[in-house]
Each structure stands twice: as C-alpha cells, then as structure tokens.
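In: take this sequence and fold it.
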Amino acid sequence: MPASDPSAHRPNRDDDAPPSPRRFRMEEVVGATAMAIICVISFANVVVRYATNVSFAFTEEVSVFLLVVLTFVGAALAFATDDHIRITVLVRRLGPIGRGICDALSMLAAVILFGVLAYYGALLTWEEYSWGETSPALGYPTWIYTIWLPLLSLLILARVLAPRLSGLVRRARADR
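Out: Next up is the predicted model:
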C-alpha cells in the first residue's frame with residue numbers, strides 16, 4: 001500500500017476493501033461553523049481593540065464555549081471515521097487477537113470516560129440551573145453553556161458504540 005494512502009494508518013481496515021463513498025457528517029458542519037465564528041469574533045475584537053483601545057466583552061466567553069464544542073465535535077468525528085489516536089507501531093505488531101483486545105480496551109476506556117463526563121456534566125448543568133448561576137461577561141445563565149457537555153458526550157458515546165452495535169446486529173442476522 002502506498003505511503004500516501006490516507007487509510008494506511010488504520011490497522012483494522014481490510015486492505016482489499018474498496019474505499020467507501022464520502023458521507024456527509026453533521027460534525028463537520030458544526031465544527032467548521034464553530035471555527036468560523038471563533039475566527040470572525042476574534043478578528044473583530046482585535047480590530048476594534050486596535051482602533052478604539054476597547055475590546056468586546058463577550059469574545060472570550062463565546063470563544064471558550066465554541067472551542068469546547070469544537071473539541072467534542074472533533075472527537076465525535078474522529079470516532080465516527082475511526083481516525084482517533086492510536087499507537088500503530090505497537091498495534092500492528094500484535095496480530096489480529098492483540099488488535100481486537102486493544103480495540104476493546106480503547107472502546108471500554110472511551111465509554112467509561114464519556115459516560116462519566118455525561119453523568120457529571122448533567123449534574124453540573126442541573127446545579128447551575130437550580131442555583132441560577134450567571135456568566136461574568138454577559139450575565140447569561142451558565143447552564144446554557146454547560147448543557148453541551150453531557151449532550152456532546154452522549155454524541156461521542158453514540159459514535160463509539162454505533163459501529164460495534166451494528167456489527168453485532170449484522171452477526172446476529174447472519175447466524176439466523
């Protein structure tokens with residue numbers, strides 16, 4: 001396989017399988033939109049600060065929120081496309097059983113991590129909602145920012161588990 005092949009880093013892919021058609025993913029749109037908004041408001045803040053020596057108060061609050069969204073959406077996309085980080089130099093040497101064990105451990109770690117984030121993120125959101133906490137710059141309720149932590153964690157869990165569950169369903173149908 002040539003070194004320029006983008007699937008060369010994926011140890012679990014079948015080398016003889018034809019490339020799958022490009023699919024539209026909502027994570028790409030949300031991530032690109034978040035990045036564009038961060039760039040626009042940051043650039044506008046720099047221009048206004050340079051011209052007037054005063055900055056927009058909301059830029060940091062909105063930029064941090066969008067950066068968190070961008071991070072979680074990027075992680076969901078990485079799991080959806082099976083492009084998450086792995087140490088291929090070791091995994092390639094393990095053989096099929098070792099690769100399967102590494103995949104199972106990776107999936108288990110991701111499920112535990114994002115399950116815990118979803119649970120505690122939901123608790124944090126509920127506490128901020130019930131206490132009526134507001135953000136320092138804009139005075140918005142902070143739960144409108146933190147609610148995305150459990151929701152995006154659930155999105156990542158869905159992206160982690162969906163391929164495994166669909167594989168189980170396919171095997172169960174084939175066994176009948």
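In: Val69 sits in which helix or strand?
Out: helix 58-80 (DSSP states H and E).
In: check which helices and strands that helix is in contact with.
Out: helix 26-52, helix 148-175 (3 or more Cβ pairs under 8 Å, 6 or more residues apart in numbering; DSSP states H and E). All C-beta atoms are positioned from the backbone trio N, CA, C, and that covers glycine.
In: tell me how far the shortest one lies from the chain's centre.
Out: Yep, that's helix 26-52 we're talking about. 20 Å (Cα atoms, centre = their mean, to the nearest Å).
In: follow-up on the earlier one: the helix holding Val69 versus helix 148-175: what angle between them?
Out: 10 degrees (axes from the mean of the first three to the mean of the last three Cα atoms, to 10 degrees).
In: work out which residue lies at the spatial centre of this structure.
Out: Centroid-nearest residue in the chain: Ala75, 2.3 Å away (criterion: Cα atoms, centre = their mean).
In: got the buried residues for the helix ranked longest in the chain?
Out: Assignment by DSSP state H gives helix 95-131 as the longest helix of the chain. The neighbour-count check on helix 95-131 (16 or more other Cβ atoms under 10 Å) flags 99, 102-103, 106, 110, 114, 117-118, 121-122, 124-125, 128 as buried.
In: give the next helix or strand downstream of that helix.
Out: That would be, after helix 95-131 and using DSSP H and E, helix 143-146.
In: which strands and helices lie in contact with that following helix?
Out: Checking 3+ Cβ pairs under 8 Å, 6+ apart, helix 143-146 ends up next to helix 95-131.
In: how far does the helix it packs on sit from the chain's center?
Out: On Cα atoms, centre = their mean, the centre of helix 95-131 falls 12 Å from the chain's centre.
In: repeat that for stretch 115-135.
Out: 19 Å.
In: residues making contact with it?
Out: With Cβ atoms under 8 Å, 6 or more residues apart in numbering as the test, stretch 115-135 has contacts from 61, 140-143, 145-147, 149-150, 153-154, 157.
In: let's see that with 7 Å instead.
Out: Glu61, Tyr140, Pro141, Thr142, Trp143, Thr146, Ile147, Leu149, Pro150, Ser153, Leu154, Leu157 (Cβ atoms under 7 Å, 6 or more residues apart in numbering).
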